[in-house]
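A.B. asks: After the sequence you'll find the predicted model.
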Amino acid sequence: MTSLVEIYRRFPTREAAIAHLEHVRWPDGPICPACGADTVARKSEPNQADRLQCWSCERSFSATVGTIFHNSHIDLQRWYLLIALMLSAKKGLSAIQAARDLDMRRPTVWSMMHRIRAALADDGKLLAGIVEMDEAYVGGKPRRTNRKDDNDPKPRGRATSKTPIVGAVERGGRVKAKVADKSEMTGADMEAIARAMIQMRDSTLTTDEYSGYNAFNNFVAHRRVNHSTAYVEYDLFGSIHTNTIESFWAILKRAIFGQFHHVSRKYLTLYLREIVYRYNMRRGGCDLDGVLHLAIKP
Ligand SMILES: [Zn+2]
């Protein structure tokens, strides 16, 4: 469910939106978040329809407690609409555009979007199969284009002050990516990152010829692609290339440069979560309830 019309239809009122969150959070009936009791009743006072009362510890609560929606003065319908907008924006959604679409203030939408991104955590399942691993560089200083004395070729990629992002993707499957530090790109660092992302025993890993991957054949079936040759090589597992991760980087860079201008390192991890989530859900499962399940995790 990612269409705005569908969300309007299913949640015509604030109460309907809260009832849905209750259902997603407690499919077998409400549980008190404070004491775990299921002796919970709905408050009967007017304007308290979303408040639940625990008869065991006598606390009252609502389904938003402990979720990303907790203490938000924005009603859940708008949260749902914003989630739907973010999920369906293949090239990323700017806070300015979302603020226009939802008729809200940009700073409010901006912080809501960050709360949603924070909820889109990695599922912890390691990648396996034919996996490609690579790094991309984003951010950093703007390129100087009009300097007369600047005849040197501009440093690119590993030689710049940009922030590295290390990613791995199953061919035809899921991606994982993390913001790394420029000083954390040694062979040992790359191995640690790879082990946190990939199930080594069941995988064949393709990388380029970056020296950080030099020792990889000690712990994983490792193939390297030489970008200086124009042809694609083949072996028992098929063609040796990193085209899958390259196309993920293209999506990432389009989202970062096109929508999220001036991304600071601080927020890069959050944007990355959103982009990874959308990529991994691209063949279905990309819906409101999927995000709600992540949003209610304490
Ligand atoms: Zn209780």
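C.D. replies: Structure's in. What do you need? Nothing here was measured: the structure is a model prediction, and the numbers come from that model.

A.B. asks: going forward, measure contacts and count neighbours with C-alpha atoms only.
C.D. replies: Noted.

A.B. asks: quick one: secondary structure of the closest residue to the ion within the stretch 51-200 of the chain?
C.D. replies: Closest contact between the stretch 51-200 of the chain and the ion, by CA to the ion, is at Cys57 (4.0 Å). In three-state terms, and counting by DSSP: H, G, I helix; E, B strand; the rest coil, Cys57 is coil.

A.B. asks: Roughly how far does the nearest residue to it once chain neighbours are set aside sit from Ala192?
C.D. replies: Ranked by CA to CA, 6 or more residues apart in numbering and with sequence neighbours excluded, the top spatial neighbour of Cys57 is Cys35, at 6.6 Å. Here Cys35 is placed at a distance of 39 Å from Ala192 (CA to CA, to the nearest Å).

A.B. asks: cool, and Asp122?
C.D. replies: 17 Å.

A.B. asks: what helix or strand is the residue nearest to Cys57 on?
C.D. replies: Under the criterion DSSP states H and E, no helix or strand holds Cys35.

A.B. asks: how about the helices in the stretch 101-250 of the chain?
C.D. replies: Ranges of helices in the stretch 101-250 of the chain, per DSSP state H, counting those that start in this stretch, are 106-119, 187-197, 243-258.

A.B. asks: Adding distance to the ion and mean pLDDT, write the ones you listed out as TSV.
C.D. replies: Formatted as TSV, these follow (distance: least, CA to the ion, whole Å; pLDDT from 0 to 100):
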stretch	distance to the ion	mean pLDDT
helix 106-119	25	96
helix 187-197	38	96
helix 243-258	44	88
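
A.B. asks: isn't Glu274 right up against Ala119?
C.D. replies: No: using CA atoms under 8 Å, Glu274 is not in contact with Ala119, being 9.2 Å away.

A.B. asks: circling back to that earlier point, who has more neighbours, Asp122 and Ala192?
C.D. replies: The neighbour comparison of Asp122 against Ala192 (other CA atoms under 10 Å) goes to Asp122, with 14 against 11.

A.B. asks: coming back round to it: can you count the residues close to the residue nearest to Cys57?
C.D. replies: Residues lying near Cys35 (other CA under 10 Å) number 12.

A.B. asks: ok, now Gly172?
C.D. replies: Counted with other CA under 10 Å, the neighbours of Gly172 add up to 10.

A.B. asks: how close does the closest residue to it other than its chain neighbours get to Thr163?
C.D. replies: Among residues not flanking Gly172 along the chain, Thr244 sits closest, at 7.9 Å (CA to CA, 6+ apart). Taking CA to CA as the measure, Thr244 and Thr163 are separated by 21 Å.

A.B. asks: Over to Asp134?
C.D. replies: Asp134 is 14 Å from Thr163, by CA to CA.

A.B. asks: sorry, back to before: who are the contact partners of the residue nearest to Gly172?
C.D. replies: Thr244 sits next to Glu132, Val169, Arg171, Gly172 when contact means CA atoms under 8 Å, 6 or more residues apart in numbering.

A.B. asks: go again using 10 Å as the cut-off
C.D. replies: By CA atoms under 10 Å, 6 or more residues apart in numbering, the contact set of Thr244 is Val131, Glu132, Met133, Ala168, Val169, Glu170, Arg171, Gly172, Gly173, Val175, Ala250.

A.B. asks: what number of residues lie near the closest residue in space to His227 that isn't next to it in sequence?
C.D. replies: Sequence neighbours aside, Asp208 is the residue nearest to His227 in space, at 7.1 Å (criterion: CA to CA, 6+ apart). Residues near Asp208, counting by other CA under 10 Å, number 19.

A.B. asks: Arg174 too?
C.D. replies: For Arg174, using other CA under 10 Å, the count is 19.
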